[in-house]
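K.L.:
Quick one: sequence and predicted model below, then my questions.
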Amino acid sequence: MLLIGIVPGLIYIELACLNIFIFSLAYVFSTFYLSPDLDVDSRIYKRWKLLKIVWKPYKDLFKHRHMSHHIIFGPISLIGYFAFLIFLLVLAVGAEVNIFDVRLLIPCAGMFVAIELHILADMIVKKKSKK
Ligand SMILES: [Zn+2]
């Protein structure tokens with residue numbers, strides 16, 4: 001009888017841990033590879049090595065520290081562009097993915113938080129440098 005209560009609890013904990021892991025992975029990935037500074041020849045842009053060519057349209061489209069560093073449109077444009085690239089990759093491979101899957105919100109949230117923190121840090125540095 002006790003097992004009936006424990007098993008769903010363990011499954012819930014396991015799912016929560018998996019979600020935290022996915023969130024963290026997306027956060028770290030975004031910190032090192034998906035920053036608003038992809039709009040210039042930054043260190044993050046250069047980290048993409050040969051694949052940095054896929055970020056060229058994003059770089060050309062956004063002027064540095066404008067739309068890409070906007071508190072709302074910055075993460076939306078960056079995650080949207082990255083999702084578009086992943087979508088093209090999935091299409092090229094021929095796999096199927098449900099873009100309306102709620103579980104996709106978890107990595108998006110991890111990326112969103114990392115991008116927002118970058119934008120906030122830039123705002124703080126910009127304010128301090130003006131003083
Ligand atoms: Zn920046």
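P.N.:
Arrived safely.
K.L.:
Compute the number of surrounding residues for the spatially closest residue to Phe87 that is not a sequence neighbour.
P.N.:
Among residues not flanking Phe87 along the chain, Ile99 sits closest, at 7.1 Å (C-beta to C-beta, 6 or more residues apart in numbering). Just so you know, the C-beta spots here come from the backbone N, C-alpha and C atoms, and that holds for glycine as well. Counted with other C-beta atoms under 10 Å, the neighbours of Ile99 add up to 9.
K.L.:
quick one: which helix or strand includes Ile99?
P.N.:
Ile99 belongs to no helix or strand when assigned by DSSP states H and E.
K.L.:
My guess is it contacts Val90. True?
P.N.:
No. Counting by C-beta atoms under 8 Å, Ile99 does not reach Val90; the two are 9.3 Å apart.
K.L.:
So what's the residue count around His118?
P.N.:
22.
K.L.:
Quick check: it vs the ion, distance?
P.N.:
6 Å (C-beta to the ion, to the nearest Å).
K.L.:
Was I right to think that residue contacts Ser35?
P.N.:
Yes. With contact defined as C-beta under 8 Å, His118 and Ser35 form a contacting pair (5.3 Å).
K.L.:
Who are the contact partners of the most centrally placed residue in the chain?
P.N.:
In the chain, the residue lying closest to the centroid (C-alpha atoms, centre = their mean) is Met111, at 2.7 Å. Listed by C-beta atoms under 8 Å, 6 or more residues apart in numbering, the contact set of Met111 reads Ala26, Tyr27, Phe29, Ser30, Leu34, Pro75, Leu78, Ile79, Phe82.
K.L.:
Check these against the ion and report the nearest one.
P.N.:
When the contacts of Met111 are compared for distance to the ion (C-beta to the ion), Leu78 wins out at 11.1 Å.
K.L.:
tally of neighbours for Pro36?
P.N.:
Pro36 has 26 neighbours, counted by other C-beta under 10 Å.
K.L.:
Contact residues of this protein facing the ion?
P.N.:
Pro36, Asp37, Asp122 (C-beta under 5 Å from the ion).
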